[in-house]
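Using only what follows, build the 3D model:
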Amino acid sequence: MRPAAPACPAPKVNLGQCVHMTERQGSPSTVGRQQRLTNFTRGGLDFDVTDSGPIDGPVVVLLHGFPTDRSSWDRISPLLHAAGLRTLAPDQRGYSPGARPRKRTAYRLGELADDVVALADAVGAGAVHVVGHDWGGAIAWLVAGRHPDRVTSVTVLSTPHPVALNQALRSGDLDQIRRSWYMAAFQLPHLPERLLGPRLEGILRRGGLPEADAARYAAHLAEPGALAAAINWYRAAPLSSGVAHRCRVPATLVWGRRDPFLGPLASRLTAHAVLADYELVELDAGHWLPERAPEECAAAIIARVTSVG
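From the prediction side, this is the model:
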């Protein structure tokens, strides 16, 4: 096994002086990308997308987590655009009103990963850079593991690789077990929605999200069926066997040392789940990195993208 990669401070990138990046001549991800996307479809589901930044720039797919949405990237995206990157931020399965199936089996991890590949297909990109936070980070790892030919690099905020998280839990790491209790609670039918729904905004505020973001995310999940769909990601996880492939593309994990949900052991074990160039960036921050540490996160994303450019 590879030794654990040392933790590094956030990369120093001058966001005001970034050089516009171009992809390698003849790269398939430069073909057919001259139109903006507002949505894409897969399997009869319709997903909403925010497509912004230089239209001919390298494509970066931004995957939100629970219980947020594509607007969670609003502070980071402009910094990526200044570096010449085009960003695609979808409201993922369950969060887009047109992609909200009721059965939990529709939220198996393989389906969530294949939604990302469908988005890359819709924009005509052969390969993309994938960035994710929280649940979006888990899907980013999964897409990179299952489809390494479609992923140029991966940058994950907060979420250790699933192999590392499982290893920490199975090793009896009491710290991570305590942090993960809610994952088991979310397996219960109906009760999590009833308890969480009317309290969600307050819980998010007390958990460290800015008030405006907490209110916006809670309002989004107050839409009919939205909260149940979001929780179904957790309920479908036990149905998703054989999906934790090790990562074979260059990767960065950005982890906040004050994260209440994801502890240090799994984050440091992630080095063993990446079979390519890897960096762990530790921040003095909590869980909500896109909202609370956008400049540090953007710097890490740009550093990873340029490392393979």
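
Name the nearest residue to residue 175, ignoring sequence neighbours.
residue 263 (4.8 Å; Cβ to Cβ, 6 or more residues apart in numbering). No exception for glycine: its C-beta is placed from N, CA and C like everyone else's.

err, residue 255, not the other one
Here the residue nearest residue 255, using Cβ to Cβ, 6+ apart, is residue 267, at 4.4 Å.

The one you found: which element?
helix 264-269 (DSSP states H and E).

packing partners for that helix?
If contacts are counted by 3 or more Cβ pairs under 8 Å, 6 or more residues apart in numbering; DSSP states H and E, helix 264-269 sits against helix 162-170, helix 174-179, strand 251-256, strand 278-283.

Tell me how far it lies from the chain's centre.
Relative to the chain's own centre, helix 264-269 is displaced by 18 Å; criterion: Cα atoms, centre = their mean, to the nearest Å.

Same check on stretch 273-283?
For stretch 273-283, the distance to the chain centre is 15 Å (Cα atoms, centre = their mean).

same thing with stretch 76-89?
On Cα atoms, centre = their mean, the centre of stretch 76-89 falls 15 Å from the chain's centre.

Could you do stretch 277-294 as well?
Distance, centroid of stretch 277-294 to centroid of chain: 12 Å (Cα atoms, centre = their mean).

Also stretch 300-309?
Centroid displacement of stretch 300-309 relative to its chain, using Cα atoms, centre = their mean, is 16 Å.

quick revisit: if I look at the residue nearest to residue 175, how far off is residue 223?
33 Å (Cβ to Cβ, to the nearest Å).

out of those two, which sits in the more crowded spot?
residue 263 (22 against 12; other Cβ atoms under 10 Å).

surely that one meets residue 168?
Yes - the pair residue 263 and residue 168 qualifies as a contact (Cβ atoms under 8 Å) at a distance of 7.2 Å.

shared neighbours of the two, which are they?
residue 176 (Cβ atoms under 8 Å, 6 or more residues apart in numbering).

tell me which element residue 97 is part of?
Assigned by DSSP H and E, residue 97 falls outside every helix and strand.

What sits closest to it if chain neighbours are left out?
residue 223 (6.6 Å).

Over to that neighbour. Which of the three states is it?
coil (DSSP: H, G, I helix; E, B strand; the rest coil).

Check residue 152 too.
Under three-state DSSP, residue 152 falls in the strand class.

same thing with residue 131?
strand.

quick one, what contacts residue 289?
Contacts of residue 289 (Cβ under 8 Å, 6+ apart): 133, 157-158, 254, 256, 283, 296-297.

Compare those residues and tell me which has the most neighbours.
Top of the contacts of residue 289 by neighbour count (other Cβ under 10 Å): residue 157, with 32 neighbours.

quick one: it from residue 187, how far?
Using Cβ to Cβ, we find residue 157 at a distance of 25 Å from residue 187.

what do you get for residue 213?
Distance, residue 213 to residue 187, by Cβ to Cβ: 27 Å.

who's more crowded, the two?
Shown here are residue 213 and residue 187; by other Cβ under 10 Å, residue 213 has more neighbours (22 against 13).

Okay, and the more buried one sits in which element?
Residue 213 belongs to helix 211-221, assigned by DSSP H and E.

got it, and residue 187?
Applying DSSP H and E, one finds residue 187 in no helix or strand.

residue ranges of the strands in the chain, please?
Per DSSP state E, the chain carries strands over the ranges 7-8, 39-42, 45-52, 59-63, 86-90, 128-133, 151-157, 251-256, 278-283.

since we're on residue 237, how many residues are nearby?
By the measure other Cβ under 10 Å, the count of residues near residue 237 is 19.

Report pLDDT for the residue nearest the centre of the chain.
By Cα atoms, centre = their mean, the chain has its centre lying nearest to residue 132, at 1.7 Å. With respect to pLDDT, residue 132 has a value of 98.

thinking it is in contact with residue 142, fair?
No - the criterion here is Cβ under 8 Å, and residue 132 misses it with residue 142 at 9.4 Å.

Flag the shaky bits of this protein, pLDDT-wise.
By pLDDT under 70, the weakly predicted segments of the chain are 1-33, 242-243.

what about 90?
Scanning the chain with the threshold set as pLDDT under 90 gives 1-35, 240-245, 309.

give me every residue that touches the closest residue to residue 269 other than its chain neighbours.
With sequence-adjacent residues excluded and distances taken as Cβ to Cβ, 6+ apart, residue 269 is closest to residue 164, at 3.8 Å. Shown in contact with residue 164 (Cβ under 8 Å, 6+ apart): 266-267, 269-270, 272-273.
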